[in-house]
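Asker: Compute the structure for the input listed below.
(one chain, ligands or ions: 2)
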Amino acid sequence: MEILVFGAGSLGSLVGGFCAREHHVTLVGRDPHVAAIRESGLAVEGAVEFTTHPEARTTVPDSADLALVTVKSFDTPAAGRALADCDPEITCSLQNGLGNEEALAAQLDTVLAGTCTYGARRPAPGRVECTGIGEIALGAPDGGPSAAAERAVKALRSAGIDAMHDDGMPKRLWRKLAVNAGINPTTALAGVENGALADGPLHDIASEAAREVARVAREQGVDLAESEAVAALESVVEATARNTSSMAQDVEAGTKTEIDAINGAVVDRADDRVPVNRTLTALVRARERGYGS
Ligand SMILES: NC(=O)C1=CN([C@@H]2O[C@H](COP(=O)(O)OP(=O)(O)OC[C@H]3O[C@@H](n4cnc5c(N)ncnc54)[C@H](OP(=O)(O)O)[C@@H]3O)[C@@H](O)[C@H]2O)C=CC1
Ligand SMILES: CC(C)(CO)C(=O)C(=O)O
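Answerer: Ligands and ions are numbered 1, 2, ... in the order given. Coordinates of the predicted model:
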């Protein structure tokens, strides 16, 4: 299969690296990472170790069977516009947050929703570290069967990725949103690892944020119980206790966060009051503007 990974950062390099062992893969990213891969290949380290040689470039190729989108959510509209030039048969978001599929579908025909629980970081150009083996779930954004998802899952599985087709993606996306809405801003603002949310006041803030997400999900017709959202949050806190969340890393580095697609998206979609998500959104936006840093 011709697989294009748009956004060769941490996650894109890891997933693209796996895929390159079985398929023709083009990583679209930025220099110096792209230049290093062209020079010496991509070294995958950590929980899995191998070197692979995907094509790497800074612009999209002419065509692709499957495009995996792994830019941060604020770059999704630009990714959609760039991908329209090569018109992939199937495009799938593996990103966190809400709204990525809609942004891609504004430019592209067959768009799938995806969630990914693999962990990745990029220690240096040409290298990517797998910080945790997880799974990728793909499916139609509105749920139901999808031949495109079946095809994409088959391609990922043949490359050694634990991938599955889920015909209930809306619930899966909202459950992951509840986890990220609880963990990411709370760890970012408190400057702590995920494990600090296991109990005490930070647990209370994160779990109330997750409960609000479940309430908004139900307003949107997605049957996510508050207890299920909190249980998902607690299980990820335990499994990723030593992780510094992506938002905590972004705030620490002074770079833009995905707050708009995570807690901001909950606030935008809420019919009712969501005070914890509203407050977390405002505080992270203030940090992005340099307040309190
Ligand atoms: N890392 C992880 O373990 C996981 C991440 N996710 C989600 O996956 C998504 C990606 O995360 P992550 O990999 O950590 O983010 P990164 O910032 O590491 O990767 C995104 C990459 O895309 C590049 N990029 C953006 N726009 C373009 C463009 N137009 N052309 C070429 N390259 C471009 C960025 O470059 P630049 O920074 O220079 O703009 C960056 O290198 C997020 O939504 C995240 O929440 C989900 C599960 C796990
Ligand atoms: C699951 C979690 C919270 C792991 O750190 C994550 O997705 C992130 O950091 O963005």
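
Asker: which parts of the stretch 1-150 of the chain sit against ligand 2?
Answerer: N96 (C-beta under 6 Å from any ligand atom). (C-beta placed from N, C-alpha, C; glycine too.)

Asker: please redo it, this time with the cut-off set to 5 Å
Answerer: Residues of the stretch 1-150 of the chain that fall close to ligand 2, judged by C-beta under 5 Å from any ligand atom: none.

Asker: And the residue of the stretch 1-150 of the chain closest to ligand 2?
Answerer: Proximity to ligand 2, evaluated over the stretch 1-150 of the chain using C-beta to the nearest ligand atom, is greatest for N96 at 5.6 Å.

Asker: Double-check that that residue belongs to a strand.
Answerer: No. N96 is assigned coil when assessed by DSSP: H, G, I helix; E, B strand; the rest coil, not a strand.

Asker: Give me the neighbour count for it.
Answerer: When neighbours are counted by other C-beta atoms under 10 Å, N96 registers 23.

Asker: so which strand or helix has the residue nearest to it when sequence neighbours are not counted?
Answerer: The spatial neighbour of N96 that comes closest, neighbours along the chain excluded (C-beta to C-beta, 6 or more residues apart in numbering), is N180 at 5.3 Å. Under the criterion of DSSP states H and E, N180 resides in helix 169-190.

Asker: With L233 instead?
Answerer: Per DSSP H and E: helix 226-239 holds L233.

Asker: In that helix, which residues are buried?
Answerer: Neighbour-count burial for helix 226-239, counted by 16 or more other C-beta atoms under 10 Å, picks out 226, 228-230, 232-234, 236-237.

Asker: quick one: that helix to helix 169-190, angle?
Answerer: Using axes from the mean of the first three to the mean of the last three C-alpha atoms, to 10 degrees, the direction of helix 226-239 lies 60 degrees away from that of helix 169-190.

Asker: from the chain's centre, how far out does helix 226-239 sit?
Answerer: Distance of helix 226-239 from its chain centroid, counting by C-alpha atoms, centre = their mean, to the nearest Å, is 18 Å.

Asker: Sweet, I'm off.
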